[in-house]
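J.: When you get a sec, could you give me coordinates for this:
(chains A and B)
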Amino acid sequence: MTYLLVCLCGGLGATARFVLNTSIQQTWKRLFPLSTFVINVIATFCAGLAAAAYAQQVVPESTYLLFVTGFLGGFSTFSTAINEMVSLFRNRHFGMATFYLIATIVVPIICVTLGWLVGSTVH
Amino acid sequence: MSDNTSDDVNAEVADAASTAASATPAPTTPAAPAPVVAPAPTAEPQPSTMEISAAQVRAQSMPKPQGAAAVANPPKIPLAPMKKMQARFNPLADGMVYLVVFLGGTLGTALRYGLSFLVPATAQPLGFWHFFHLPTFIANMCACFIFACLTSYLSQAAWIRKRTRQLVSRGFGMGMCGGFSTLSALAIEELTSLQTSHVLGAVFYLLFSFVCGLIVAAVGAKLGLVITARKTARLAAEALQRQQAQGGSGRHVTVGETVLLNSPNAADSTASTQSADASATAAPAAADVPSAFTGGTPVPAENPNDAPATPTAAPLAPTAPAEPSFEPAPITDEIPLTGDPTTGEAH
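T.: This next block holds a predicted model:
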């Protein structure tokens, strides 16, 4: 039962990503893939918050599982980011591809730490 | 075919034209085509320049912006409120895409969550490899490969309907692969590793994930392109075979091209002098002969659609034998579906 709920939360996360992705792409016409980046930033920040909340026993494990493994797992995406890098490399936008690669490695770590800190201080 | 034989063919065309001129009492200038056809061996028209390329057709048929729309920053006109509700104007109003993304995300999450039960959580219980989280890593790599392969395949697969491609790309690409791979779990694993001050293992896991992901995705994209290239080549070969089996010369009839039809008396005079092989090369060579004798050159009817047009032209020929019996290509009729490998226009 928990398994099914987690999967459905993943579907919800994917749908939320589709909505946000399409909304950002309708206004953002530059080369930098902002939509995936923003999605991953939001997801990692929320993951840090949730990890802090779970570590301090604010939320039970089932909620944590539903939100992090289900929703945020479906919301955040590694494969899209990697494929955007590969397509940037293939189209010879080496500078942009390298910048996006470094940003995708560094910024999520900063975001998850920020989320953790925010979650710890709020409690 | 070498130059010698094509010169012979042109000489034959000239012969055929002159015999046709003597045979038919043409009121228009009978000797006019002779100086046009005679220099043909020296200034042979290039078949490539005779044909209208698909890019030219597209450039001519596409509307060019005029007036206020032709400036560098044309004014943006917002969609009408009712059109914003329609899927073909607004992707956010496409209910089918929501459904496939939801189903794909559910499937991807099920795969990822199921993988965490099947595979041990870390590569090693202790030490450096303790912070190498196998389920997340495997899920990310698989998703990267499938996503790259799928997107590069669907971007080239012109033989699949556009709507099908869109739904598959959304459902399996964005939904399933996006739900299968995860960056948030990776970030949390990094966070817990860094909190226990195992910086080296954490950094290695992070960088290894990204480097492997890039390699796997590049391989997947290459594989998708190779598969589509093979399929396209096979489709093109089949289309060419089908065309040749129908007796065509393998030449496309494009928009704006004039298809010349045989008039019966000229066809009689040329049938004795020309072989079937020569007709294929003579067709583009004689395309610029401007007078009545163009009706005599046997342009083979490549399209089956042209075949019913010939009997309609044949009764006209005895009444006005000197008139060139040509008709514009029936661009509004249905043209046989042959995949064009250069442009990918198969539909």
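J.: contacts and neighbour counts: CA atoms only from here.
T.: OK.
J.: Would the top helix by length along chain B count as contacting chain A?
T.: The helix that spans the most residues within chain B, counting by DSSP state H, is helix B:199-245. Yes - applying CA under 8 Å from any CA of the partner chain, one finds helix B:199-245 in contact with chain A at B:206, B:207, B:210, B:213, B:214, B:217, B:218.
J.: Give me the packing partners of that helix, helices and strands only.
T.: helix A:79-90, helix A:94-122, helix B:134-156, helix B:184-195 (3 or more CA pairs under 8 Å, 6 or more residues apart in numbering or on different chains; DSSP states H and E).
J.: hang on, the earlier thing: nearest to residue B:228 among the residues of helix B:199-245 next to chain A?
T.: Residue B:228 lies nearest to residue B:218 out of the residues of helix B:199-245 next to chain A, by CA to CA, at 15.6 Å.
J.: show me what contacts the residue lying closest to that closest one once chain neighbours are set aside?
T.: Setting aside the residues directly before and after it, residue B:218 is nearest to residue A:86 in space (CA to CA, 6 or more residues apart in numbering or on different chains), at 6.2 Å. Applying CA atoms under 8 Å, 6 or more residues apart in numbering or on different chains to residue A:86 gives the contacts A:97, B:214, B:217, B:218.
J.: next one: residue A:60
T.: Applying CA under 8 Å, 6+ apart to residue A:60 gives the contacts residue A:54.
J.: Need phi/psi at it.
T.: In terms of degrees, to the nearest 10, the main-chain angles of residue A:60 are phi -70, psi 170.
J.: where's it relative to chain B, distance?
T.: Between residue A:60 and chain B the distance is 17 Å, computed by CA to the nearest CA, to the nearest Å.
J.: Buried residues of the lowest-mean-pLDDT helix or strand in chain A, list them for me.
T.: None of the helices or strands of chain A scores lower by mean pLDDT, DSSP states H and E than helix A:61-64, at a mean of 90. Residues of helix A:61-64 classed as buried: residue A:64 (neighbour count, 16 or more other CA atoms under 10 Å in any protein chain shown).
J.: swap in stretch B:140-157?
T.: For stretch B:140-157, a neighbour-count test (16+ other CA under 10 Å) marks B:140-154, B:156-157 as buried.
J.: Identify whichever of the helices and strands packed on helix B:199-245 lies nearest to residue A:6.
T.: Closest to residue A:6 of the helices and strands packed on helix B:199-245, according to CA to CA: helix B:184-195, at 14.1 Å.
J.: That closest one vs chain A: in contact?
T.: Yes - looking at helix B:184-195 against chain A by CA under 8 Å from any CA, the contacts come from B:184, B:185, B:187, B:188, B:190, B:191.
J.: ok, back up a step: dump the helices and strands packed on helix B:199-245 to JSON lines, plus distance to residue B:224 and mean pLDDT.
T.: JSON lines is the format used below for the helices and strands packed on helix B:199-245 (distance: least, CA to CA, whole Å; pLDDT from 0 to 100):
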{"stretch": "helix A:79-90", "distance to residue B:224": "13", "mean pLDDT": "93"}
{"stretch": "helix A:94-122", "distance to residue B:224": "21", "mean pLDDT": "93"}
{"stretch": "helix B:134-156", "distance to residue B:224": "5", "mean pLDDT": "93"}
{"stretch": "helix B:184-195", "distance to residue B:224": "27", "mean pLDDT": "90"}
